[in-house]
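K.L.:
here is my input, please return the structure:
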Amino acid sequence: MHEITQIRKLSLWIFLIPFLAINLCLIISQNPELLENTIFTVDQIGRSGFSIPYLDGSLSISRASRTFPQYLIFKPAMILTAVLLFYYWNNNNKLINQYKSTNINYKFKTFGILSAVFLAVHSIFLGIKFDIQIYKLLRRVVLLLFIIFEIIAQGILVYHFFKIKSLLAKLINKKILILKVILVSILATVAILSLPILLNKDNTHFKHALEWNYFIGVILFYLFSRFFWKRTT
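P.N.:
Residues are numbered from 1 along each chain as shown. The predicted structure follows:
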């Protein structure tokens, strides 16, 4: 099927592009001397010593990617990812409609596209300085809405696949479906349990470490999607 082929391709890029982007920004942040005396000299705010933020939370994704020249990588990568997400959720909606003999926009498509919009908006305004408290609050809200809508969309989509797994038996890897269920469950549980900590002004390093790992968890869903569908050609 055309949709399955497109979903497999989109899934891989939706995982690879943001994964490579945030880690390349991290490498530049920790090795600013590589670009010294060039037009891409790293901004002082975006520099950091060597660390593994996935473990020690020494810096946030925002700090590693919002200054020059890292934002030249991060912003285009996230905006492109948002575009690919639109097509991903649209193709999945078409696929579910085919198997359920319907012609509607399922909720996972709505939440998925909204999450893509919020990702694009957050990426566009990241690094732009406005000394307005409401702007800073809105930026955090936009990022939070991206995460919430993304997890809801993933959860609803997995639910639909689980309901029609017998119809898809020859096209899917059922073990990957179980992994997707586990992943979405973990992401939802961690989000709920971490909320009191996130609302607290302390625990900065924990928040940063959670941010890096949670982001990887969210895009890992798409890597699973790549292997969820068997080749159709």
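K.L.:
any idea of the pLDDT on residue 132?
P.N.:
Looking at residue 132, its pLDDT stands at 60.
K.L.:
swap in the one 4 residues further on?
P.N.:
Residue 136 is assigned a pLDDT of 65 by the prediction.
K.L.:
what residue ranges in the chain score low on pLDDT?
P.N.:
1, 129-137, 232-233 (pLDDT under 70).
K.L.:
for it, what spans make up the helices?
P.N.:
Under the criterion DSSP state H, the chain carries helices at the ranges 2-30, 53-56, 61-65, 71-100, 107-125, 133-163, 174-199, 204-228.
K.L.:
those: which one's closest to residue 47?
P.N.:
helix 2-30 (6.2 Å; Cβ to Cβ). In this view, the C-beta of every residue, glycine as well, is placed from N, C-alpha and C.
K.L.:
and that closest one, what's buried?
P.N.:
Residues 3-4, 6-8, 10-12, 14-19, 21-22, 24-26, 28-30 are the ones in helix 2-30 that count as buried (16 or more other Cβ atoms under 10 Å).
K.L.:
and if you look at stretch 178-191?
P.N.:
179, 180, 183, 184, 187, 191.
K.L.:
in TSV, list the helices of the chain along with distance to residue 38.
P.N.:
Conversion of these to TSV gives the following (distance: least, Cβ to Cβ, whole Å):
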stretch	distance to residue 38
helix 2-30	12
helix 53-56	25
helix 61-65	19
helix 71-100	13
helix 107-125	24
helix 133-163	30
helix 174-199	38
helix 204-228	27
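K.L.:
closest one to residue 45 among those helices?
P.N.:
helix 61-65 (7.0 Å).
K.L.:
who's sitting farthest from the centroid in this protein?
P.N.:
Relative to the C-alpha centroid of the chain, counting by Cα atoms, centre = their mean, residue 37 is the outermost residue, at 33.5 Å.
K.L.:
how close does that residue get to residue 125?
P.N.:
31 Å (Cβ to Cβ, to the nearest Å).
K.L.:
that older thread, how about the helices of the chain, which one is nearest residue 41?
P.N.:
Of the helices of the chain, nearest to residue 41 by Cβ to Cβ is helix 2-30, at 10.8 Å.
K.L.:
tell me the helices and strands packed up against that closest one.
P.N.:
helix 61-65, helix 71-100, helix 204-228 (3 or more Cβ pairs under 8 Å, 6 or more residues apart in numbering; DSSP states H and E).
K.L.:
residues contacting the nearest residue in space to residue 88 that is not next to it in sequence?
P.N.:
Spatially, and ignoring its direct neighbours in sequence, residue 88 is nearest to residue 10 (4.5 Å; Cβ to Cβ, 6 or more residues apart in numbering). Residues in contact with residue 10 (Cβ atoms under 8 Å, 6 or more residues apart in numbering) are 84, 87, 88, 91, 222.
K.L.:
might one say that the fourth one is in contact with residue 8?
P.N.:
In this case it means residue 91. No - taking Cβ atoms under 8 Å as the definition, residue 91 is not a contact partner of residue 8, at 10.0 Å.
K.L.:
nothing else from me, thank you.
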